[in-house]
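# Pasting the sequence and the predicted coordinates here, then a few questions.
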Amino acid sequence: MLLQVLELEKKYKSDMAVNKISFQIEKGQCIALLGPNGAGKTTTLQMLAGLLTPTSGSIRFSKLEGKDYRSKIGFLPQHPAFFNWMSPVQFLQFAGELSHIPTQQLKEKIEEVLQFVRLADVKKKRIGGFSGGMKQRLGLAQALLHDPELLILDEPVSALDPAGRRDVLSLITQLKEKMTILFSTHVLHDAEQVCDKVIMLKNGEIQWDNTLEELRKAFTTSAVKVQTEEVIGDKITDLPFVEKVEFVTDSSIVVGEMNENTNELLTAMMERGLTIKRFEKLEDSLEDAYMKVMGQ
Ligand SMILES: Nc1ncnc2c1ncn2[C@@H]1O[C@H](COP(=O)(O)OP(=O)(O)OP(=O)(O)O)[C@@H](O)[C@H]1O
């Protein structure tokens with residue numbers, strides 16, 4: 001385990017932004033913190049990054065018990081601030097000095113991270129002329145300067161156009177091989193593309209903390225819809241599935257709780273002289289499952 005969060009709480013006067021949440025992060029995981037606006041994502045990430053003091057609860061970084069765990073965290077805020085007159089090299093030099101990275105190491109690291117985020121060609125240009133995607137990649141470069149073990153990204157792709165989104169998500173995918181990543185998003189699809197696990201937040205509380213595969217399993221219905229050429233009538237009244245049958249029309253039924261026994265149902269219907277015209281598995285999409293968990 002890399003990080004353990006216990007009963008973490010942040011209250012703003014009477015407003016409970018984060019309500020005693022607990023979760024843990026294993027080394028090497030890529031986790032998405034998913035939730036609508038106001039769910040408490042930024043508040044949580046800022047507490048983890050040490051930028052905000054929790055009202056109560058604890059954050060433990062396993063390997064650095066007692067030391068300042070923040071030195072091992074790389075953080076990209078939701079709205080990174082840049083000096084427009086600076087160049088990427090100047091900005092990273094400035095950020096690296098603030099983090100007390102030794103001079104020679106910093107020089108090499110700046111070249112390395114700029115190469116990684118594909119800004120090496122424009123490293124001496126003014127940041128003021130950069131696109132949103134370029135700025136976000138520069139922000140990511142800054143978060144990587146001190147070789148963090150845990151990279152925390154607050155809505156890294158939310159403000160980007162589709163191409164910028166794809167760029168940054170692909171960089172995150174490459175970084176997954178090297179470090180543990182926690183990033184927030186309000187878009188399920190972003191989480192689906194890169195992460196192993198999702199923590200869903202709503203009103204400051206965790207609604208789900210597991211893989212998307214488990215989410216799919218937990219919320220997928222196993223009904224099938226069968227449409228026939230003929231009127232079905234009472235031809236299926238003796239089938240073992242009869243209690244789960246609902247007629248949609250005279251020649252179309254939905255049968256619930258069908259798992260491995262779908263073939264049996266179809267065979268039985270054909271044996272009773274029904275011609276199968278259409279057969280459909282009615283599975284909830286991941287989006288449906290997300291909506292159910294979030295109660296939306
Ligand atoms: N400085 C603050 N003072 C008072 N309330 C705040 C403050 N910061 C956040 N909140 C409240 O805390 C709750 C959680 O906000 P937070 O920004 O963490 O949510 P979020 O999930 O990151 O949303 P978004 O996607 O909009 O950034 C919201 O109800 C918000 O209004």
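Structure received.

# Tell me how many other residues crowd the closest residue to the ligand within the stretch 51-200 of the chain.
Scanning the stretch 51-200 of the chain for proximity to the ligand using CB to the nearest ligand atom identifies H186 as nearest, at 5.6 Å. For every residue, glycine as well, the C-beta is placed using N, CA and C. By other CB atoms under 10 Å, 16 other residues sit near H186.

# cool, and the one 10 residues further on?
By other CB under 10 Å, 16 other residues sit near D196.

# Would you mind naming what in the protein lies close to the ligand?
Y12, D15, A17, G35, N37, G38, A39, G40, K41, T42, T43, H186 (CB under 6 Å from any ligand atom).

# okay if I get the residues you listed as a markdown table plus secondary structure and pLDDT?
As requested, those are exported to a markdown table (DSSP: H, G, I helix; E, B strand; the rest coil; pLDDT from 0 to 100):
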| residue | secondary structure | pLDDT |
| --- | --- | --- |
| Y12 | strand | 93 |
| D15 | strand | 91 |
| A17 | strand | 96 |
| G35 | coil | 93 |
| N37 | coil | 91 |
| G38 | coil | 91 |
| A39 | coil | 94 |
| G40 | coil | 96 |
| K41 | helix | 96 |
| T42 | helix | 96 |
| T43 | helix | 97 |
| H186 | coil | 91 |
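
# What's the PyMOL syntax to select whichever of these are buried?
Of the residues of the chain next to the ligand, the buried ones go into a single PyMOL selection, burial set by 16 or more other CB atoms under 10 Å:
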select buried, resi 17+35+39+40+41+42+43+186
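
# Just the closest of the residues of the chain next to the ligand to P88, please.
T42 (25.2 Å; CB to CB).

# shaky segments in this protein?
Within the chain, the stretches with pLDDT under 70 are 63-68, 296.

# Helices of that one, start to end?
41-48, 88-98, 103-116, 132-144, 162-175, 188-194, 212-219, 262-271, 286-293 (DSSP state H).

# Now tabulate those helices in CSV and tack on distance to T228.
Below are the helices of the chain laid out as CSV (distance: least, CB to CB, whole Å):
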stretch, distance to T228
helix 41-48, 49
helix 88-98, 65
helix 103-116, 58
helix 132-144, 53
helix 162-175, 43
helix 188-194, 36
helix 212-219, 29
helix 262-271, 7
helix 286-293, 27
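
# quick one: which of those helices is nearest I152?
Nearest to I152 among the helices of the chain is helix 41-48 (5.4 Å), distances taken as CB to CB.

# Other residues contacting the closest one?
Residues outside helix 41-48 that contact it (CB atoms under 8 Å, 6 or more residues apart in numbering) are 3, 5, 8, 10, 17-18, 21, 33-35, 52-54, 59, 73, 75, 78, 152, 154-155, 182, 184, 186, 201, 204.

# again, only this time at 6 Å
Here helix 41-48 makes contact (CB atoms under 6 Å, 6 or more residues apart in numbering) with K10, A17, V18, L33, G35, L52, P54, Q78, I152, D154, S184, L201.

# Distance from it to the middle of the chain?
Offset of helix 41-48 from its chain centre (CA atoms, centre = their mean, to the nearest Å): 15 Å.

# on that earlier part again, and of the helices of the chain, who's closest to L239?
Nearest of the helices of the chain (CB to CB): helix 262-271, 5.5 Å.

# Could you check how far that closest one is from the centre of its chain?
41 Å.

# again, but for stretch 41-56
18 Å.

# same thing with stretch 38-53?
That offset, for stretch 38-53, works out to 16 Å (CA atoms, centre = their mean).

# Look at it and report the distance between its end residues.
Stretch 38-53 stretches 18 Å from its first residue to its last (CA to CA, to the nearest Å).

# mind listing what V157 touches?
Going by CB under 6 Å, 6+ apart, V157 touches R165, V168, D190.

# Now the last one. Nearest residue, chain neighbours left out?
Residue nearest to D190 in three dimensions, not counting chain neighbours: V157, with 5.8 Å by CB to CB, 6 or more residues apart in numbering.

# and if you look at Q193?
L169 (5.6 Å).

# Identify the bridge partners of Q24.
Q4 (DSSP bridges).

# was I right about it contacting L8?
No: using CB atoms under 6 Å, Q24 is not in contact with L8; the gap is 11.6 Å.

# the more surrounded of those two?
L8 (23 against 15).

# For the residue nearest to the more buried one when sequence neighbours are not counted, give me its contacts.
Nearest residue to L8 in three dimensions, chain neighbours excluded: G57, at 3.6 Å (CB to CB, 6+ apart). Contact analysis of G57 by CB under 6 Å, 6+ apart lists L6, E7, L8, E9.
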